[in-house]
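Asks: Based on what follows, work out the 3D shape:
(chains A, B and C)
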Amino acid sequence: MDIDFKNSLNDRQYEAVRMYNGPVLILAGAGSGKTRVIIYRIAYLLQQGIPQKSILAVTFTNKAAREMSTRVRDLVGRNLRNLTISTFHAFGSKILRECIHILGYRLNFSIYDQQDKVTLLKDLAREAGFKNDSLDLYAVSNIFSGIKMGRLRWTSFTDQYKDLYSEYNSHLKLYNAVDFDDLITLPIELLKGYPDILKKYRDRYSYFMVDEFQDTSLIQYEFIKLIAYHTKNLCVVGDDDQSIYSWRGANYGNILTFEQDFPGYKEIKLEQNYRSTGKILLAANHLIAHNKNRKEKKLWTGTEDGEFLQFSIHDNEKCEGEFIAEQIKSLKMKNRYSYSQFGVLVRTNSLTRSIEEAFVYANIPYKVSGGMSFFQRKEVKDIISYLRIIANPDDDMNLLRIINVPRRGIGKKSIQYITQVAINKSCSLYSAIMAICHASDADINKKANTELSDFAGMIEYYRQKFFSRNKMADTLKSLVEHIDYWGHLVQEHKKGNTARWKYMNVEGLINSLADYENDPDNPEPGLYSYLNRITILTNDDNQNTQDEDKVNLMTIHSAKGLEFDAVFTAGVEETIIPHTRSIEEDASNIEEERRLFYVAITRAKKYLFLTACRQRRKKGKVIDVQISPFIDEIPDDLIEVYEEEDTFTQEDAENYFQKMRRGFERE
DNA sequence: CACTACACATGCACG
DNA sequence: ATGTGTAGTG
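Replies: Residues are numbered from 1 along each chain as shown, chains lettered A, B, ... in the order given. Next up is the predicted model:
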């Protein structure tokens, strides 16, 4: 390994890389080469002779983790199988795979994602007598998460869900399942309650880094502190101005807590921006300066001032989309940009619709990131449920999902009966099925009994195959054929290519399993670890890489950490950014909305377009909207405003006078 | 008793 | 596009 650290980094970065003993806080402004510092820092640790297995780096997404591994590997020029770079959740599940049995779970535990959680809650709520439509399970699930993670307390309002909460948790345990929050709380329970386990992990790791520290929650910080506190070789990297995940517990106050927990820590500010032009950076600085709660920093850049920011106002979202499409085309011509150098950012997923339509019309290739991820799709989840039952037969929820998919004549009555048997024997549904099949006195009709036997026999057959042969993907393929999932899809989707498309996704799952078991770098290619793995993948993880030349269309949240030569931020309107629901919830959320806008702006390298509409269609209704107050926080001399002239279509004509009036008001 | 077909409402801000 | 509720059928 022969790396010229000094000349690959600026002075501050170099300092951050070399300061590897003791607590370090790196405040890394947008575009200041944060990832570069982390990668070089790991390489530096290795160069100092620190064994790779002693290094633990935590990132926010699996994608970031993977990218970081690759870049470190490329830099040091060798494979690093024992270097741990993972997300909090992946690290938590790693610990659980090693010692969850101590807490009374079995090692083949299932992980429930958000969707699974809501499904389970739905069943339990029904049993508990809640009327189906009387409660917002999504909201309840968030409350439960807040309670479990210690950021909410029971209130007079939420007390009504206390029983449901304990039902939920005891059912998880009964099913030998954990939810996403448990991936953090259970490891903490293990580390706190069992000194030998704590010792094991403390002995193993001695150098720690946390990326995106402003996005860690209190409990995640506690988690890492438990393992890292004794060596104090903890380096956290973050930017309070880019904290945009408070709604899921992120707490940039952790930066202050860190300062208190590790007195004598070293602080390094990375303030040189390598990404944006002077004007873009200046605009960002002015905007974010309106926030009261922040650590003071001043980003600067040595590069040119660049172009003016463009703010344009359009009649409606259709015009806005067309404008963006036109600008992309002309900018592409002018600068010989490829499509992938453009990013179009929006506050909410629903805003992508009109822009997509404009792109389709203008023949602009694009990709949308976010939305439903591959592993969340119904057809993929169905097959995963089969795998789950094979891995963990106690998982009643997944059993219920697939027991009659495809239809095999096991309906409501049969399921009621099985449930009753399970309750009487206090065993899982699957065990109940086995018992019914073997019992001569089962009170169930012959046809249903045969169906149940066939089902159980099939599961047993494939379980045996999965654990006796190495070719899991082949086994899965024959399972999919055995249950005739294709026939099921054709029946459910008679028109169009839907069935074909969905079956391709199922084949995609089989391929992913094949890739997993054939990966020579995979230290534990088993079914359990595969299932754990795919469940904790986040949306960003199956995004296609940038080898496709397409315009990137995404939410601001998912644009975090990315950069584009030209950025369009659409829907820069009051009610969108800042978002009404965010402000309604708590007026102080305005600062987080401003940070969100700041993140959007700082994604741009050369060109930044902000667009807004006068009217926007929302849930079928056309409503008038105002431009975002954040626009006024950007100095006038950095921004060019362009008001698209009213086009006199029929729709516009109706509102002509209204618009005139608004036009004057603006003057 | 399970299945089918059809009507229906709902589209969770951000992962 | 997806889930849910209902009525009618074999």
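
Asks: pLDDT score for A:Thr649?
Replies: For A:Thr649, the model assigns a pLDDT of 52.

Asks: Mind naming the longest helix for chain A?
Replies: If you go by DSSP state H, chain A has its longest helix at helix A:446-468.

Asks: Tell me which residues of that helix come out buried.
Replies: A:Ala448, A:Asn449, A:Glu451, A:Leu452, A:Phe455, A:Ala456, A:Met458, A:Ile459, A:Tyr462, A:Arg463, A:Lys465, A:Phe466 (16 or more other Cβ atoms under 10 Å). The C-beta positions use only the backbone N, C-alpha and C, and glycine is treated the same way.

Asks: need those residues in TSV with distance to DNA strand B, can you?
Replies: Below are these laid out as TSV (distance: Cβ to the nearest atom of the strand, whole Å):
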residue	distance to DNA strand B
A:Ala448	5
A:Asn449	11
A:Glu451	8
A:Leu452	10
A:Phe455	12
A:Ala456	16
A:Met458	16
A:Ile459	18
A:Tyr462	21
A:Arg463	24
A:Lys465	26
A:Phe466	26
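
Asks: Kindly format the C-alpha coordinates of the longest helix of chain A as PDB.
Replies: Extracted C-alpha coordinates of helix A:446-468, given in PDB (Å, rounded to 0.1, in the frame of the first residue of the first chain):
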ATOM      1  CA  LYS A 446     -61.600 -34.300   4.100                       C
ATOM      2  CA  LYS A 447     -60.800 -32.000   1.300                       C
ATOM      3  CA  ALA A 448     -59.300 -29.300   3.600                       C
ATOM      4  CA  ASN A 449     -57.400 -32.000   5.400                       C
ATOM      5  CA  THR A 450     -55.800 -33.200   2.200                       C
ATOM      6  CA  GLU A 451     -55.000 -29.700   1.200                       C
ATOM      7  CA  LEU A 452     -53.300 -29.000   4.500                       C
ATOM      8  CA  SER A 453     -51.300 -32.200   4.300                       C
ATOM      9  CA  ASP A 454     -50.200 -31.400   0.900                       C
ATOM     10  CA  PHE A 455     -49.200 -27.900   1.900                       C
ATOM     11  CA  ALA A 456     -47.300 -29.000   5.000                       C
ATOM     12  CA  GLY A 457     -45.700 -31.900   3.000                       C
ATOM     13  CA  MET A 458     -44.500 -29.500   0.400                       C
ATOM     14  CA  ILE A 459     -43.000 -27.100   3.000                       C
ATOM     15  CA  GLU A 460     -41.200 -30.000   4.700                       C
ATOM     16  CA  TYR A 461     -39.900 -31.300   1.400                       C
ATOM     17  CA  TYR A 462     -38.400 -27.900   0.400                       C
ATOM     18  CA  ARG A 463     -37.100 -27.200   3.900                       C
ATOM     19  CA  GLN A 464     -35.200 -30.400   3.700                       C
ATOM     20  CA  LYS A 465     -33.900 -29.500   0.200                       C
ATOM     21  CA  PHE A 466     -32.900 -26.000   1.200                       C
ATOM     22  CA  PHE A 467     -30.800 -27.200   4.100                       C
ATOM     23  CA  SER A 468     -29.300 -30.300   2.500                       C
END
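
Asks: Could you export the buried residues of helix A:446-468 as JSON lines, including distance to A:Pro525 and pLDDT?
Replies: JSON lines is the format used below for the buried residues of helix A:446-468 (distance: Cβ to Cβ, whole Å; pLDDT from 0 to 100):
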{"residue": "A:Ala448", "distance to A:Pro525": "38", "pLDDT": "83"}
{"residue": "A:Asn449", "distance to A:Pro525": "38", "pLDDT": "86"}
{"residue": "A:Glu451", "distance to A:Pro525": "34", "pLDDT": "89"}
{"residue": "A:Leu452", "distance to A:Pro525": "33", "pLDDT": "91"}
{"residue": "A:Phe455", "distance to A:Pro525": "28", "pLDDT": "94"}
{"residue": "A:Ala456", "distance to A:Pro525": "27", "pLDDT": "94"}
{"residue": "A:Met458", "distance to A:Pro525": "24", "pLDDT": "95"}
{"residue": "A:Ile459", "distance to A:Pro525": "22", "pLDDT": "95"}
{"residue": "A:Tyr462", "distance to A:Pro525": "18", "pLDDT": "96"}
{"residue": "A:Arg463", "distance to A:Pro525": "17", "pLDDT": "96"}
{"residue": "A:Lys465", "distance to A:Pro525": "16", "pLDDT": "95"}
{"residue": "A:Phe466", "distance to A:Pro525": "12", "pLDDT": "95"}
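
Asks: Give me the contacts around the longest helix of chain A.
Replies: With Cβ atoms under 8 Å, 6 or more residues apart in numbering as the test, helix A:446-468 has contacts from A:386, A:389-390, A:393, A:403, A:408-410, A:413-414, A:418, A:430, A:433-434, A:436-437, A:442, A:444, A:472, A:475, A:479, A:482-483, A:527.

Asks: rewinding a little: for A:Ile244, state which of the buried residues of helix A:446-468 is nearest.
Replies: A:Phe466 (41.2 Å; Cβ to Cβ).

Asks: distance of A:Val360 from A:Arg353?
Replies: Per Cβ to Cβ, to the nearest Å, A:Val360 is found 11 Å from A:Arg353.

Asks: cool, A:Val178 as well?
Replies: 36 Å.

Asks: Would you format the buried residues of helix A:446-468 as CSV with distance to A:Pro263 included?
Replies: Putting the buried residues of helix A:446-468 into CSV (distance: Cβ to Cβ, whole Å) gives the following:
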residue, distance to A:Pro263
A:Ala448, 68
A:Asn449, 70
A:Glu451, 67
A:Leu452, 64
A:Phe455, 62
A:Ala456, 61
A:Met458, 62
A:Ile459, 57
A:Tyr462, 57
A:Arg463, 55
A:Lys465, 58
A:Phe466, 53
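
Asks: and chain A, which residues reach DNA strand B?
Replies: A:61, A:114, A:118, A:133, A:136-138, A:180, A:244-245, A:247-248, A:348-350, A:370, A:404, A:407-414, A:445, A:448, A:491, A:538-540, A:555, A:557-558, A:579, A:581-582, A:585, A:589 (Cβ under 7 Å from any atom of the strand).

Asks: Which of these fall within strands?
Replies: Residues of the residues of chain A next to DNA strand B located in strands (DSSP state E): A:Thr555.

Asks: Restricted to buried residues, select the residues of chain A next to DNA strand B in PyMOL.
Replies: Entered in PyMOL, the line below selects the buried ones among the residues of chain A next to DNA strand B, by 16+ other Cβ under 10 Å:
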select buried, chain A and resi 61+137+180+244+245+349+370+404+408+410+414+448+538+539+540+555+557+558+579+582+589
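
Asks: Where helices are concerned, which of the residues of chain A next to DNA strand B count?
Replies: A:114, A:118, A:137-138, A:412-414, A:448, A:491, A:557-558, A:581-582, A:585.

Asks: quick one: what helix or strand has the closest residue to A:Pro51 other than its chain neighbours in it?
Replies: Leaving aside its chain neighbours, A:Pro51 sits nearest to A:Asn82 (7.6 Å; criterion: Cβ to Cβ, 6 or more residues apart in numbering). Secondary structure assignment for A:Asn82, by DSSP states H and E: no helix or strand.

Asks: re the thing from before, separate out the buried members of the contacts of helix A:446-468.
Replies: A:386, A:389-390, A:393, A:403, A:408, A:410, A:414, A:418, A:430, A:433-434, A:436-437, A:442, A:444, A:472, A:475, A:479, A:483, A:527.

Asks: which residues in the stretch 301-450 of chain A form helices?
Replies: Secondary structure of the stretch 301-450 of chain A (DSSP state H, counting those that start in this stretch): helices at A:317-335, A:352-362, A:378-391, A:396-402, A:412-425, A:429-438, A:446-468.

Asks: Can you lay out these as TSV showing distance to A:Tyr14?
Replies: Compiled in TSV, those are given as follows (distance: least, Cβ to Cβ, whole Å):
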stretch	distance to A:Tyr14
helix A:317-335	33
helix A:352-362	41
helix A:378-391	46
helix A:396-402	51
helix A:412-425	63
helix A:429-438	59
helix A:446-468	51
